[in-house]
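1. Predicted model and sequence below, questions to follow.
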Amino acid sequence: MTLPVDMSTTLGNAWFPTPIFTASGCASSGKELAQFFPLNQVGAIVTKSVMSKPRHGRPTPRMAETPSGMLNSIGLQGPGIDAFLANDVPWLLEQKARVIVSIAGETVEEYSTLARKLRSVSGISAVEVNISCPNVENRGMVFACDPESSRRVIDGVRKTIGGELPIIAKLSPDVTDLPAIARGVVDAGADGLALINTVLGMVINIDSMKPHLGGKTGGLSGPAIKPVAVRAIYQVHAALPKVPILGMGGVASGRDALELILAGASGVSVGTASFGNPKALIDIQNELRDLLAARGFATMQQAIGYAHRDEA
Amino acid sequence: MTLPVDMSTTLGNAWFPTPIFTASGCASSGKELAQFFPLNQVGAIVTKSVMSKPRHGRPTPRMAETPSGMLNSIGLQGPGIDAFLANDVPWLLEQKARVIVSIAGETVEEYSTLARKLRSVSGISAVEVNISCPNVENRGMVFACDPESSRRVIDGVRKTIGGELPIIAKLSPDVTDLPAIARGVVDAGADGLALINTVLGMVINIDSMKPHLGGKTGGLSGPAIKPVAVRAIYQVHAALPKVPILGMGGVASGRDALELILAGASGVSVGTASFGNPKALIDIQNELRDLLAARGFATMQQAIGYAHRDEA
Amino acid sequence: MATINKSAVQEMVTILSNKRVGAYHQILLNVGDIVKNCRPGNFVAISVGGDTSKMILRRAFAISRVSESSQYGGTMELIVAPHGSGSKWLCSQAEGTEIDVVAPLGTAFGIPTEPISALLIGGGYGSAPLFGLADVLKSRGCKVDMLLGASVGSKIYAPMEGKRSVNSLKIYTEDGSMGETGRVTENLLDIVRDRNIDVIYSCGPMAMLSAITALVADLEVIHQCAVEESMACGIGICMTCVLPVRNEDGSTSMLRSCIDGPVMDGSTVRWDLVGEVPEGTA
Amino acid sequence: MATINKSAVQEMVTILSNKRVGAYHQILLNVGDIVKNCRPGNFVAISVGGDTSKMILRRAFAISRVSESSQYGGTMELIVAPHGSGSKWLCSQAEGTEIDVVAPLGTAFGIPTEPISALLIGGGYGSAPLFGLADVLKSRGCKVDMLLGASVGSKIYAPMEGKRSVNSLKIYTEDGSMGETGRVTENLLDIVRDRNIDVIYSCGPMAMLSAITALVADLEVIHQCAVEESMACGIGICMTCVLPVRNEDGSTSMLRSCIDGPVMDGSTVRWDLVGEVPEGTA
Ligand SMILES: Cc1cc2nc3c(=O)[nH]c(=O)nc-3n(C[C@H](O)[C@H](O)[C@H](O)COP(=O)(O)OP(=O)(O)OC[C@H]3O[C@@H](n4cnc5c(N)ncnc54)[C@H](O)[C@@H]3O)c2cc1C
Ligand SMILES: Cc1cc2nc3c(=O)[nH]c(=O)nc-3n(C[C@H](O)[C@H](O)[C@H](O)COP(=O)(O)OP(=O)(O)OC[C@H]3O[C@@H](n4cnc5c(N)ncnc54)[C@H](O)[C@@H]3O)c2cc1C
Ligand SMILES: Cc1cc2nc3c(=O)[nH]c(=O)nc-3n(C[C@H](O)[C@H](O)[C@H](O)COP(=O)(O)O)c2cc1C
Ligand SMILES: Cc1cc2nc3c(=O)[nH]c(=O)nc-3n(C[C@H](O)[C@H](O)[C@H](O)COP(=O)(O)O)c2cc1C
Ligand code: FES
Ligand code: FES
């Protein structure tokens, strides 16, 4: 028997009973997973990034398996914010699930528009701002790769949404200086950071002898990138120890989740692992609880950033 | 039976009978692999990056296995350039191996010093300039992460070494804009580019609850990063189609090597795969030859960058 | 609560037998009560490579047939082509091995309430689910004709007992090594007309499904096809497996072939747009 | 040509048997002519997880003993603790499985030319190579005493036939579940003095090797120990497995324990610096 561990966590002013969340884009809007576990048993459902308009996304093939990972190139297919708020959010709240809505845009203005729509929605716990999208106003450069664009997106969302809803800025690891980007968005009003989005990759099909994905490049996720996620979280937590981090990247077991928490994550999103195991979140949550208990932690929160304890 | 394929390749004015090379730091200085295959049967031996002075490197543990990859934190342990040139290079040349010497420094000046020592050495095919090292003159920022530092290193090496020996600048993928860095070093005089060095990562030991590696962070290599390597090579080849690329990152089979070549690599270094299979280079080389033949390529060079053929 | 993947469960199941049949492996699984919810057209998603596998995604296979009456409780049969490393791993697993399955998944072939004339068309291992379907159609009094095609004879899957449930079976191979030389589409129009086919059920390569749709476009016949797109999750959460499908209002949606398929109405699939993205907004 | 890894080869070899022995697995391999070059102290590096494995590095195991006379040609025995996923995979492989080994690797225990008094000290599975060593020492007329230690009795590996090659065997466990309660270092000094030990051969956890070195520092006794550092390649090409070793001139070098070890002279290892980096240049 293991001792009970208080698994609860917070991100800004939002409270969650456990630190295990879905990852945006890896749980659609929740309905599909409800057959495998009650959605209210996990920390939160982070919904697929939604844009202001409905969107077809990228051409197929949209995925390629890689060693211990996969590439995806979905291109933010989705119903648009209005349909999403009308259909998906109410259903999730009915399930008593905690909901973090992920938003994505092509312009600073689009993010603000999305934030305005969210402002009036009650019951959601936080907004995750996926800034790993191409900025159509800046030669398609990904917002999260440019400190100034990142900052402007978050500033716009902060101003529009008011002071209530926690804003979590989701960053890309494909940058030279991640702590600098993190500092910028926190200064602009982010309450927390989501680390990491996928790593840009490509697979070439050796039969067609062309890039395999319809969108040519894709985002690398899964266990392959876990060391990059741990490093990113560790670096950013060291630079900004007070800013809560929602960690993600290759988590497939309770051990992996613990690694991210020790590095500095207050919560852990599970993405690609759900593709291989629809009950991954529950399995990870149970294993994490046991690991924390075995290490004598009475609360999950004591473990957050514990790997930094001897730092100068 | 497959048709004979001309496997030869060039990097700048250096010619190699096959495109399969060792990767710096993954073959020491060659002697250790000679038991498993004659070193002259592969394209070239790229030696472990050598610095001007002998060096102990980083504390142990220096490695951690990760899903389909590994982290290393060797810290450029080595004998220093003088001992290296006195002992290792003559031995390799005696084996009739082609030799690419990798150099590393902590200052722009150190790289130039190393280049000066190489200038007088006959028989080596090229110099690989590993600029993924912390720049002690710039708050330890890795040279390859800063366009200006990268450019200055290559400029110094070019000026010191004269016009004979091809200079291959080895870049880090941990940057926001890889083609920009690549363009900078080519402008400064690099004849070719080596892509990619390891990706910065970390593993936390969940028993000690601290970073597992003595050096805390380490470089991620192996199949896990292959999609990042393919993307990097594809991007840079698209931006600089005339600059030869020595590709590397997770190559463990002939199929992997072919992927990198189709993306734009003129040669392929095999690193981590040799740890799991001491004869990896030979196996990869044979498989690559068969794959090229099966696709009707009469020469390996026809396949370089072939995945770009329908680009605008 | 669940409205999607309604009867799907994840379970460890045992391989009862694994036999080579031509180019394929016929794998029989002891799946217990799962069979109760399996319908022809549904598929299973299987973890491959064991605990230390670098393959992180499940592989999808059509349920060839299920049986409740066997000595083992419910059994499920799969017909697996050793294609890449995942399917080869599965084909190499011995009797007694436990494998991790999620099943049943996806849509099923629509079963008519009246005794219609059905034509079942299978390409390669695509014939696998058609024999189970034939059984059901037969039991409803339908007339069942079948056309199977493949590049070579070893890729025709047509088990003895399966042949019993069909009124006629015609085989085509491209190299002529079995049956007639050519493709299943060769005399399709004649067959449909001559036999007064009401519904075509098809399963096989996308090019075959698309060709069938085009051929019968002007006929009254219904065409239910089981599509095959690369799937990362198989349960609707990843959006990788989408196909362009025409909506009633003429617009096109990218539908997930794992939950809105694999069985779809062939006439609604915009085969011309597969691998592209429709114009305009979704 | 080769000066390093001189007799190492890479080969697929067959598992002849795999038995549980206490906390370990005793694995017998049919390795053919490889045995000819194996010396006590050498190790093998084994690929784990099969073709689709996410584990890309080999695992190192001491060669416990080899035999040329068996019915199978050369056989090699390993004693494997199921520790993490790689060693557990190895322990779960059935008889008849082919595994990929590189062997023999590393340095061997020095064998004296005169009939000396030797004390062999093993910790946990560290006893594995000591029985093969005892055989060789015995055949050279040496007196061979042995001390084995572990946390619990199930982690003492001391096979019947092995006991025959030693003059005395003393067992220590920390929980007292077998032999005496305590550690192998308990009465080490007395034993060395009373029995006029000339050479200590040790294999086991680094802390044990370090403790032995410290205890015998002021004695004339030679201490050959087989160290165990994390190894990525096992053949000297990666520089991950280094240990700080004192040179004759007093300076310290970081030596690769895979090719300059695993057997090293305990007195030259700078145990105080393990996990650190020596001051100054190399
Ligand atoms: C609904 C459905 C039903 C199927 N039924 C059968 C069946 O009954 N018998 C059978 O032999 N095969 C069937 N397939 C195809 C089977 O899923 C693939 O052959 C298998 O996934 C290939 O995996 P691999 O590791 O062997 O090949 P790899 O090429 O190494 O696979 C790499 C990745 O691509 C995906 N992939 C590759 N080929 C296909 C493909 N043709 N379809 C979907 N994904 C693919 C894999 O799932 C994997 O993620 C079906 C596929 C779908 C979608
Ligand atoms: C020269 C030498 C001889 C050895 N002899 C034996 C023996 O006879 N019997 C036995 O049971 N074990 C022996 N070991 C230890 C054995 O190599 C490890 O237990 C094994 O590598 C663990 O792998 P894993 O996948 O089970 O564990 P994991 O912890 O999952 O391994 C992860 C990584 O760390 C490395 N690693 C983990 N523990 C060790 C360790 N203790 N030593 C070296 N590398 C490690 C692994 O090689 C792998 O790369 C020896 C090690 C060395 C270096
Ligand atoms: C198929 C797929 C779709 C994704 N879609 C989104 C998305 O819409 N918005 C987003 O912020 N991240 C998206 N991600 C990134 C994940 O949320 C997560 O950051 C990343 O996959 C790393 O975590 P993992 O390794 O656990 O999957 C997607 C990832 C995958 C694999
Ligand atoms: C143990 C180890 C040591 C390395 N040392 C060096 C080095 O000294 N200089 C260098 O340029 N790259 C070094 N690298 C990086 C490799 O040369 C290569 O760029 C990288 O590992 C990716 O290739 P791979 O996946 O085939 O290993 C090292 C890599 C490893 C794994
Ligand atoms: S396979 Fe994931 S949504 Fe269909
Ligand atoms: S393990 Fe690679 S050098 Fe020793």
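-> Nice, thanks for sending it over. Numbers count the residues shown, from 1 in each chain, chains lettered A, B, ... in the order given. Ligands and ions are numbered 1, 2, ... in the order given.
2. now the helices: where do they sit in the chain?
-> I'll assume chain A. Per DSSP state H, chain A carries helices over the ranges A:81-83, A:89-94, A:108-119, A:147-161, A:178-187, A:226-239, A:254-263, A:273-276, A:280-294.
3. wrong one, chain C
-> According to DSSP H, the helices that chain C contains are C:85-91, C:128-139, C:160-163, C:188-194, C:206-215.
4. Pick out the residue of the stretch 51-200 of chain C closest to ligand 3.
-> Distances between the stretch 51-200 of chain C and ligand 3 by C-beta to the nearest ligand atom are smallest at residue C:56, namely 9.4 Å. The way it works is simple: take the backbone N, C-alpha and C, and place the C-beta from them, glycine included.
5. Please name the residues that touch that residue.
-> Applying C-beta atoms under 8 Å, 6 or more residues apart in numbering or on different chains to residue C:56 gives the contacts A:65, A:68-70, A:222-223, A:252, A:272-273, A:275-276.
6. just residue A:107 next, same as before
-> A:135-137.
7. Restrict stretch A:232-240 to CA atoms and write it as CSV.
-> The C-alpha coordinates for stretch A:232-240 follow below in CSV (Å, rounded to 0.1, in the frame of the first residue of the first chain):
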residue,chain,number,x,y,z
ALA,A,232,13.3,23.0,-22.2
ILE,A,233,11.3,22.8,-19.0
TYR,A,234,14.4,22.6,-16.9
GLN,A,235,16.0,25.7,-18.6
VAL,A,236,12.8,27.8,-18.4
HIS,A,237,12.1,26.8,-14.8
ALA,A,238,15.6,27.8,-13.9
ALA,A,239,15.1,31.2,-15.6
LEU,A,240,11.6,31.8,-14.4
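8. contacts for it?
-> A:171, A:173, A:178-179, A:182-183, A:186, A:193, A:195-196, A:243, A:245, A:247, A:249, A:260, A:263-265, A:305, A:307-308, A:311, B:202, B:204, B:211, B:217.
9. Going through these, which ones are buried?
-> A:171, A:173, A:178, A:182-183, A:186, A:193, A:195-196, A:243, A:245, A:247, A:249, A:260, A:263-265, A:305, A:307-308, B:202, B:204, B:211, B:217 (16 or more other C-beta atoms under 10 Å in any protein chain shown).
10. Tell me which residues touch residue 274, please.
-> Went with chain A since none was named. Taking C-beta under 8 Å, 6+ apart as the test, what residue A:274 contacts is A:22, A:26-27, A:33, A:280-281, C:233, C:237.
11. my bad, chain C
-> Here residue C:274 is in contact with A:60, C:206, C:210, C:243-244 (C-beta under 8 Å, 6+ apart).
12. Identify the residue spatially nearest to residue C:163, adjacent ones excluded.
-> Distances taken as C-beta to C-beta, 6 or more residues apart in numbering or on different chains put residue C:169 closest to residue C:163, at 5.7 Å, once the chain neighbours are dropped.
13. likewise residue C:97?
-> residue C:15 (4.9 Å).
14. one step back: among the contacts of stretch A:232-240, name the ones in strands.
-> Among the contacts of stretch A:232-240, the residues falling in strands (DSSP state E) are A:193, A:195, A:245, A:247, B:202, B:204, B:211, B:217.
15. which of those lies closest to residue C:133?
-> residue A:247 (46.7 Å; C-beta to C-beta).
16. Which of the contacts of residue A:107 sits closest to chain C?
-> residue A:136 (15.3 Å; C-beta to the nearest C-beta).
17. The contacts of stretch A:232-240: which ones sit near ligand 4?
-> When C-beta under 6 Å from any ligand atom is applied, no member of the contacts of stretch A:232-240 is adjacent to ligand 4.
18. Got a PyMOL select line for the buried ones in the contacts of residue C:274?
-> In PyMOL, the members of these classed as buried (16+ other C-beta under 10 Å) are selected with the following command:
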select buried, (chain A and resi 60) or (chain C and resi 206+210+243+244)
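19. can you pull the contacts of residue C:231?
-> So residue C:231 contacts C:45, C:57-58, C:60, C:238, C:240-241, C:257-258 (C-beta under 8 Å, 6+ apart).
20. Make JSON lines out of these and add pLDDT.
-> Putting the contacts of residue C:231 into JSON lines (pLDDT from 0 to 100) gives the following:
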{"residue": "C:45", "pLDDT": "98"}
{"residue": "C:57", "pLDDT": "98"}
{"residue": "C:58", "pLDDT": "98"}
{"residue": "C:60", "pLDDT": "98"}
{"residue": "C:238", "pLDDT": "97"}
{"residue": "C:240", "pLDDT": "97"}
{"residue": "C:241", "pLDDT": "97"}
{"residue": "C:257", "pLDDT": "97"}
{"residue": "C:258", "pLDDT": "98"}
